[in-house]
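Asks: Next comes the sequence, and after it the predicted model I'd like to discuss.
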Amino acid sequence: MSSIQSTSAILKENMDMYMLNPCSNKIWFIIELCEPIQVKQLDIANFELFSSTPKDFLVSISDRYPTNKWLKLGTFHARDERIVQSFPLDEHLYAKYVKMFTKYIKVSLLFL
């Protein structure tokens, strides 16, 4: 049984809703998109006032799941700010699955 709570909150624009995930989890979460998308930019935001903003996080993508062949999209460094932070990508790759790993919790991601 998963210890993650409120998973649907990561795809909602309501800034008062967020997913909770224990720090002890090795993979923070994996998202399945409705269809493959071309990833041009990664946006991340944390509007929760009582949590840490992720500092360094790794994002990988795949066109199938389960898989042992995740393609590393990049390791990113976020500032400790309560704004949407954008990370433009040099390569525009296609993906249906997005995997994120960080040491921190309580982050809200909005995929457009």
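Replies: Received, thanks.
Asks: give me the number of residues near the residue lying closest to residue 83 once chain neighbours are set aside?
Replies: Spatial nearest neighbour of residue 83, chain neighbours left out: residue 45 (6.8 Å); criterion: C-beta to C-beta, 6 or more residues apart in numbering. C-beta: built from backbone N, CA, C; applies to glycine. Residue 45: 18 surrounding residues under other C-beta atoms under 10 Å.
Asks: Specify the beta-bridge partners of residue 45.
Replies: Per DSSP bridges, residues listed as beta-bridge partners of residue 45: residue 108.
Asks: Begin at 52, not 1, for the rest of this chat.
Replies: All set: I'll call the first residue 52, so the last point we hit is now residue 96.
Asks: didn't it look like it was pressed against residue 132?
Replies: No: with contact defined as C-beta atoms under 8 Å, residue 96 and residue 132 do not form a contacting pair (9.2 Å).
Asks: how close does the residue nearest to residue 134 get to residue 130?
Replies: Separation of residue 96 from residue 130 (C-beta to C-beta, to the nearest Å): 11 Å.
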